[in-house]
Structures are given as C-alpha cells and as structure tokens.
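K.L.:
here is my input; please provide its structure:
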Amino acid sequence: MIFLRHHLDEGLKVEYFTVKDPLELRIDLKGRYDHLKATVLPRACYEWMQLRFQDFKTVVEYNSVVFKIVSQLKLCGETINDEDMMKKILTTFHALNMILQRQYREKGFQKYFELILYLLVAKLHNALLMKNHEVRPTGASLLPKVNGVQAHGQPERRQDRGHNNMRGRDNDRG
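P.N.:
Residues are numbered from 1 along each chain as shown. Next comes the predicted model:
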C-alpha cells in the first residue's frame, strides 16, 4: 500500500487515504478510470488514421506525435508494431517524394528506429546541401580572389629596387 500510495496523484492520495486493502484500492481506481478507454481509443484511432508524414516539418516532430499516439493505443489494448509504424511513414510521404519512398522501401528496414535514423541523417544532409547551394547558387561565378595574381595584361613592375632575393644586383632596371 505504501508503494501504491507513493505513486498516486496528491488529490487521489487524500481521497483514498482511508482505504487499507490494495485490492479494494485497485477496484476503486479501475472503476473510476476504466471509462477512459472508451474515450481515448476512438480519438487515438482517429489520430492514427489521419497521421501523415508529409504534414510535419521535421522528422523529430513526426516521431514525437507517433509515439504519443502509439502509447495511447497500447494503453487501450491495441498493438502497433514497428512494421505498422514504418508502413505509416512510407505510405504518407508527399507525392513529390515517391522515388524516395520507393528507395526507402527497397532498403528493407526491419526496425522503426532504423528508418527514423536514416530519415534524420538524410534531412541533415539535405540541409547541408541547401546551405552550400545558398552560399553560391548553381551558375553563379566564383568571386575573384583578393590576393590573386592578374591573369592577363602586362605584368606589374616592382618598385622595390634592390630589395629582392638577389643580393647586390638591381634586376628591375631596364
């Protein structure tokens, strides 16, 4: 009873403080919260059906929502496995990413976390490619080097007479 009371919410501790029998406490709590399955399950099933990978900006946001819904479904006795979660991702890709979807399917991921890790790495690589592209878009010419040598025209004449590597000679005179 000490262990059970320790894990109860403060409001429930006060309400069930006088209950001494663990079985009685369990029956009371089950009666009080058993209806949640009837309210949580339909909402969780609806959220699972409406869940689409394309609706999220980041893989992390999607993953968070998936685990929230899956935990609610498991709480209600429904089973969602890795195969179901991978199928959900791959069937809800944006239509423009059908080639990527096919490539991910062909990789043959066995675990959900493997697919998520792969998607996270791909997202990071895409972000890096976009940064590189934004620095110098395709077709843009290279910036001239600040300390570069002139490639055409007459070579510049040096004005530092007598201060070169050859001692005693003045090579810069006509």
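K.L.:
C-alpha from now on. contacts and neighbour counts both.
P.N.:
OK.
K.L.:
which helix or strand lies directly C-terminal to the worst-scoring helix or strand of the chain on mean pLDDT?
P.N.:
Ranked by mean pLDDT, DSSP states H and E, the weakest helix or strand in the chain is helix 2-6, scoring a mean of 67. Following helix 2-6 in sequence order, the next helix or strand is helix 10-15 (DSSP states H and E).
K.L.:
average pLDDT for that following helix?
P.N.:
Helix 10-15 comes out with an average pLDDT of 75.
K.L.:
who touches L8 in this structure?
P.N.:
Not one residue lies near L8 by Cα atoms under 8 Å, 6 or more residues apart in numbering.
K.L.:
what's the distance between it and L51?
P.N.:
Distance of L8 to L51, computed by Cα to Cα, to the nearest Å: 33 Å.
K.L.:
also M130?
P.N.:
Noted for M130: a distance of 28 Å to L51, by Cα to Cα.
K.L.:
quick one, which of those two is more surrounded?
P.N.:
Counted by other Cα atoms under 10 Å, M130 and L51 do not tie: L51 has more neighbours, with 18 against 12.
K.L.:
now stretch 24-40 - C-alpha only, CSV.
P.N.:
The C-alpha trace of stretch 24-40 is given here as CSV (Å, rounded to 0.1, in the frame of the first residue of the first chain):
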residue,chain,number,x,y,z
GLU,A,24,-10.1,-2.5,-2.8
LEU,A,25,-7.9,0.4,-4.0
ARG,A,26,-7.4,-1.2,-7.3
ILE,A,27,-11.1,-1.9,-7.9
ASP,A,28,-12.0,1.7,-6.9
LEU,A,29,-9.4,3.1,-9.3
LYS,A,30,-10.4,0.8,-12.1
GLY,A,31,-14.0,1.8,-11.7
ARG,A,32,-13.0,5.4,-11.7
TYR,A,33,-10.7,5.4,-14.8
ASP,A,34,-12.0,2.4,-16.8
HIS,A,35,-14.2,4.7,-18.9
LEU,A,36,-11.0,6.4,-20.3
LYS,A,37,-10.5,3.5,-22.7
ALA,A,38,-13.9,4.3,-24.3
THR,A,39,-12.9,7.9,-24.8
VAL,A,40,-9.2,7.7,-25.5
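K.L.:
which residues sit against that stretch?
P.N.:
Under Cα under 8 Å, 6+ apart, the answer for stretch 24-40 is Y16, V19, Q72, L75, C76.
K.L.:
again, but for stretch 91-101
P.N.:
Against stretch 91-101 from outside (Cα under 8 Å, 6+ apart): L51, R52, F53, Q54, L90.
K.L.:
could you check the pLDDT of the last one?
P.N.:
What it means is L90. 84.
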